[in-house]
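Participant: what shape does this take:
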Amino acid sequence: MKTKNIKYMAVAIFMGLGMTSCSDFLDRPVEDNYNTENYYESDAACISGVNYLYNSPWYDFQRGFIKVGEVLSGNMYWGSSPYLNFSVNGSDVDLINMSYSLWSEIAHCNTVYQSLKGAKASEAVKNQCVGEVLAWKAMAYFYLVRSFGDVPIVHDNSANLAAGNYNDLPKVQKADVYEYIIMTLEKAMELLPQAKSTTGRIDYYCAEGLLAKVYLTKAGVTGTLDKADLAKAVTYAKDVVDNSGRKLLPVYSDIFRGSNNASDESLYAWRWTVGSHWTSQNTLQSDLAPQGFDENGDCWGGWGGPSLDLIEAYGVSPKQDPAKRIDKDARRKATVMLAGDTYEYFWRDHDLGNGKKGLDYLKFWYDKSYNAAATDQCQAPCGGTNVKNLYGDNADHLAEMNITAGRMANALATHILRLADVYLVLAEAQTLIDGGTTTNADALAAFNAVHQRAVPSDVEKTSLTFDDVWKERRLEFAGEGDRWYDFVRRSYYDVQSCIAEIKAQKRNALYNCDVVYKRYFESGVWSYDEAAGEMQYDDQTASPNVTEQSFQLPFPTEDVALNPRLGSNAEAVHEDVRNTYSY
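Facilitator: Alright, predicted model coming up:
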């Protein structure tokens, strides 16, 4: 935790709500500068005072969220990125910003928690708000421990600042950090309402869904699987599935439309807005969409994209004739744009002919009468372009969210824990309890519900293996910043399988897709010549040097310089968190 973080934490303590931002799904008071002594004077003020924890402190995590979750895991190709070849070091800017963002969220959660204790509001609203704060604090720590391993516990910023020991805090053993997350979530669940939230706020079952995933992850942290932890993961996940009142959305692609920002599917999400507060907005489209995707001149992500390994995992290939390609899995098109694809929810103000409107992937690149910004070159390095985390153009943003997007500013929610995740947590935990294969009815029902939404033509499974769930998670959550953390969870107890899978991935570029795509667009004839370098996979770039140490990111270099107890050779301490901390 660098000096910048310490100063930020201090500001959070003494300025209170100076950073507050909003979203349409949240109430917002009249803007002004408030301090903690006079702000929390009503139910509305307390609710508003929690709003910014859903967006602003998380802002600097966005780019790291994709680079760690998707590039590092092999789901996405991003040129010479150190996340692609496992050469990330402590001076990497995205790593630094990611760490800073997570510690900032924790600092603000701690500050708002202390302020709410003295709030002049109804007990029900105070409980709800404190529960939301603790639920977000748990999520920030869940990212920290899975990213960096052993990390310090900052329970009370005021106490640490007063003691002057921020630069002397020791790393705490991962198992104890997980116990701290569990303790925090348990307290959140005591306070949160059990009635289903329809506005996107965290409720009891949202926190319980995260608790199930935390137990599944913690189960292997000692190097062998703890069946008691796995059983708790099953219990909590099943309670969410059975009793939360939430249902999977029938159409997979609908999850990621702005009109469904607060759907049943979304348990935890960053709730962005477009307004005057920089850091309260979503900027992921800028990093992930190709040049000219919106009217704001803020898209530069065309030279990165889904990896060939991911595309082929859906059972298709960029090399296939688009007219003959068969998509069994609806998640492919909702995750990866390929030649021949059209989208009715993107570019709904653009005419496709035949009375239809929408985005045509090849027209986007090659037809200037359709797209004035067409580059006449498909930039996609593996033949496909990202879909998730994109809102489209201004017409799409306005239609879905009833507000206009700005430059590097949109209000599309970023879902970081979905209901489908809880279903697959149940399936994975039960499969591991049963030794890698299960016929458990609850696990099968959960898995089949997720799988058949995307692949309704498949017969329901009557027996489930760990590999079934492992693959399903990849196909379900690709592009959502989560895959690397699946590897981390598995690496705790089965690291060699993780290493082998990553080394076997097709993580490199597929050369000269553009030549083939353009020929097909102009002639309607699909053909390519691999000998001439068309559609040729780069098999010369070696697989990354993945080791057992690769599943833990380094702390930022300047953090270690300020606090040597964060160094890779520094020993993490054991803390009895239940007897050391309380809420």
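Participant: where are the low-confidence patches of the stretch 51-200 of the chain?
Facilitator: Counting by pLDDT under 70, the stretch 51-200 of the chain shows no low-confidence range.
Participant: can you pull out the helices in it?
Facilitator: Ranges of helices in the stretch 51-200 of the chain, per DSSP state H, counting those that start in this stretch, are 62-66, 82-85, 93-117, 123-148, 157-163, 174-191.
Participant: and the third one, what's buried?
Facilitator: Right, helix 93-117. 94-116 (16 or more other Cβ atoms under 10 Å). All C-beta spots, glycine's among them, are computed from the backbone N, C-alpha and C.
Participant: the strands in the chain, which residues?
Facilitator: 76-77, 266-270, 305-306, 336-337, 342-343, 351-353, 356-357, 359-360, 385-386, 414-418, 437-438, 464-465, 510-511, 536-537 (DSSP state E).
Participant: okay if I get those as JSON lines plus distance to residue 379?
Facilitator: JSON lines is the format used below for the strands of the chain (distance: least, Cβ to Cβ, whole Å):
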{"stretch": "strand 76-77", "distance to residue 379": "12"}
{"stretch": "strand 266-270", "distance to residue 379": "27"}
{"stretch": "strand 305-306", "distance to residue 379": "8"}
{"stretch": "strand 336-337", "distance to residue 379": "12"}
{"stretch": "strand 342-343", "distance to residue 379": "18"}
{"stretch": "strand 351-353", "distance to residue 379": "22"}
{"stretch": "strand 356-357", "distance to residue 379": "24"}
{"stretch": "strand 359-360", "distance to residue 379": "16"}
{"stretch": "strand 385-386", "distance to residue 379": "8"}
{"stretch": "strand 414-418", "distance to residue 379": "24"}
{"stretch": "strand 437-438", "distance to residue 379": "43"}
{"stretch": "strand 464-465", "distance to residue 379": "38"}
{"stretch": "strand 510-511", "distance to residue 379": "13"}
{"stretch": "strand 536-537", "distance to residue 379": "17"}
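Participant: if you count neighbours, what's buried in stretch 306-320?
Facilitator: 306, 307, 308, 309, 310, 311, 313, 314, 316, 318, 319.
Participant: what's the least confident stretch among the strands of the chain?
Facilitator: Across the strands of the chain, the stretch with the lowest average pLDDT is strand 351-353; it has a mean of 93.
Participant: which residue lies farthest from the center of this protein?
Facilitator: When distances are taken from the C-alpha mean of the chain, residue 523 lies farthest, 40.0 Å away, according to Cα atoms, centre = their mean.
Participant: residue contacts, the residue nearest in space to the middle of the chain?
Facilitator: Nearest to the mean C-alpha position of the chain, by Cα atoms, centre = their mean, lies residue 481 at 3.7 Å. Counting by Cβ atoms under 8 Å, 6 or more residues apart in numbering, residue 481 touches 65, 66, 68, 69, 70, 414, 416.
Participant: from residue 427, how far out is it?
Facilitator: 21 Å (Cβ to Cβ, to the nearest Å).
Participant: same check on residue 545?
Facilitator: Taking Cβ to Cβ, one finds residue 545 at 33 Å from residue 427.
Participant: of these two, who's got more company?
Facilitator: A count of neighbours by other Cβ atoms under 10 Å puts residue 427 above the other of residue 545 and residue 427, at 31 against 11.
Participant: hmm, back to that, closest to residue 124 out of the strands of the chain?
Facilitator: strand 266-270 (21.4 Å; Cβ to Cβ).
Participant: tally of neighbours for residue 194?
Facilitator: Residue 194 has 12 nearby residues by other Cβ under 10 Å.
Participant: which non-adjacent residue is nearest it?
Facilitator: residue 204 (4.4 Å; Cβ to Cβ, 6 or more residues apart in numbering).
Participant: how much space between the one you found and residue 189?
Facilitator: The separation that residue 204 has from residue 189, given Cβ to Cβ, amounts to 5 Å.
Participant: next: residue 430.
Facilitator: Taking Cβ to Cβ, one finds residue 430 at 22 Å from residue 189.
Participant: is it possible to get a markdown table of the buried residues of stretch 306-320 that adds distance to residue 140?
Facilitator: Output for those, formatted as a markdown table (distance: Cβ to Cβ, whole Å):
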| residue | distance to residue 140 |
| --- | --- |
| 306 | 28 |
| 307 | 28 |
| 308 | 33 |
| 309 | 30 |
| 310 | 27 |
| 311 | 32 |
| 313 | 30 |
| 314 | 32 |
| 316 | 37 |
| 318 | 38 |
| 319 | 42 |
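Participant: nearest to residue 563, of those?
Facilitator: Nearest member of the buried residues of stretch 306-320 to residue 563, counting by Cβ to Cβ, is residue 307, at 36.3 Å.
Participant: fine, thanks again, bye for now.
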